[in-house]
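*Asks:* what follows is a predicted protein model with its sequence.
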Amino acid sequence: MKALIIEDTLTSATLVCHQLGKMGLETVHARDGESGIELFKAERPDLILLDIIMPGLDGFEVARRIRQLEKDGEWTPIIFLTARTGDEDLERGIEVGGDDYLIKPVSEIVLKAKVRAMQRIAQMRYSLLVLTRKLDEANRELTRLSTADGLTGIANRRRFDETLLKEWRRCAREERPLSLLLIDVDFFKPFNDNYGHQVGDECLKAVARTLAQTLHRPSDLAARYGGEEFGVILPGTDEQGALAVAESLREAVQQLGITHRFSEVAQVVTISIGLACITPQRGNESGFIRLLKEADEALYQAKTGGRNRVTKASDNTTERVG
């Protein structure tokens, strides 16, 4: 451990440093409050012994400032050195961040006992912090697992629904458009039936990975919507922008070149995409159901119109894009 002694009386400071040194502690010494604060910032000691009566800043003010400098989760034990024994001084010392008192002249036996006590408290606190961090990490992992699709690793339906509602509200506040893509892997059932479920799973993983990697904005989300269907949420993206994204996704999946001899539209795995775009209105949270319905209808048009294409909800007829 490293101890910072902030004491203007050289004799007292020398004695305390000597006693701490016999206990195996490294010591640094400051003779006034300002330099003590600077040493605290530079050395980040494990323990502070702080005189109350000093020229300039007194020990109470030094303790208060040190507590302000500590980051979240940090705690440095502060033991006041004082000849004062009044109740008001003790109360004030605790209020400003002190943890204990040593009455001058300092008894080596009492000093040793108090330092050992602070070491035990610090160790218990550190163990608690480590446990808390492990629990936080475990909770984050549980949250990730609860919102990730077990097969593909991208967002699952739960996260898709939560994100769609959240982005609906945000786009309503900001009066920005919200676009949605619903995607279906073309002729996936014959692919799965003929190549086997394991190969089918690998196909879905590859498509999911490609969809996620083709999106470039952190706010965009690709999710497994169910079975061989995927959904992509594009906040703040108008219809033309969403059309460009959709086409890039369609091309990226086709360029994977996954052989599909049982497809009626191509010799490789392809996707069909339905696109819908709405500028949400405040107070109309149920409107995102309309967005889903329009995207689903557009996807149906893309599939009945020949597949391997992007169809907008605003299209009256199915149109191949690209």
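*Replies:* In hand now; what should we look at? Residues are numbered from 1 along each chain as shown.
*Asks:* tell me how far the helix or strand harbouring residue 34 is from the chain's mean position?
*Replies:* If you go by DSSP states H and E, residue 34 is part of helix 33-43. Offset of helix 33-43 from its chain centre (CA atoms, centre = their mean, to the nearest Å): 33 Å.
*Asks:* just stretch 76-88 next, same as before
*Replies:* 41 Å.
*Asks:* now it: buried residues?
*Replies:* Buried residues in stretch 76-88, defined by neighbour count with 16 or more other CB atoms under 10 Å: 76-82. C-betas here are computed from N, CA, C, even on glycine.
*Asks:* same question, stretch 173-180
*Replies:* Residues of stretch 173-180 classed as buried by neighbour count (16+ other CB under 10 Å): 177-180.
*Asks:* quick one: residues in contact with it.
*Replies:* Here stretch 173-180 makes contact (CB atoms under 8 Å, 6 or more residues apart in numbering) with 164, 167-168, 171, 231-239, 241-242, 245, 275-280, 282, 288, 291-292, 295.
*Asks:* can you give me the end-to-end span of it?
*Replies:* 18 Å (CA to CA, to the nearest Å).
*Asks:* so for it, what's the average pLDDT?
*Replies:* Looking at stretch 173-180 alone, the average pLDDT works out to 95.
*Asks:* return the distance of the lengthiest helix in the chain from the chain's centre.
*Replies:* Here the longest helix in the chain is taken by residue count, with DSSP state H as the criterion, and it is helix 108-146. Here helix 108-146 is found 22 Å from its chain centre; the criterion is CA atoms, centre = their mean.
*Asks:* buried residues in that helix?
*Replies:* By neighbour count, with 16+ other CB under 10 Å as the criterion, the buried positions of helix 108-146 are 111, 114-115, 118-119, 122.
*Asks:* stretch 179-196 now?
*Replies:* 179-188, 191-192, 195.
*Asks:* redo those as a markdown table? Include secondary structure and distance to residue 59.
*Replies:* Rendered in a markdown table, the data for the buried residues of stretch 179-196 read as follows (DSSP: H, G, I helix; E, B strand; the rest coil; distance: CB to CB, whole Å):
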| residue | secondary structure | distance to residue 59 |
| --- | --- | --- |
| 179 | strand | 62 |
| 180 | strand | 62 |
| 181 | strand | 64 |
| 182 | strand | 67 |
| 183 | strand | 67 |
| 184 | strand | 72 |
| 185 | strand | 71 |
| 186 | coil | 76 |
| 187 | coil | 79 |
| 188 | helix | 74 |
| 191 | helix | 76 |
| 192 | helix | 75 |
| 195 | helix | 77 |
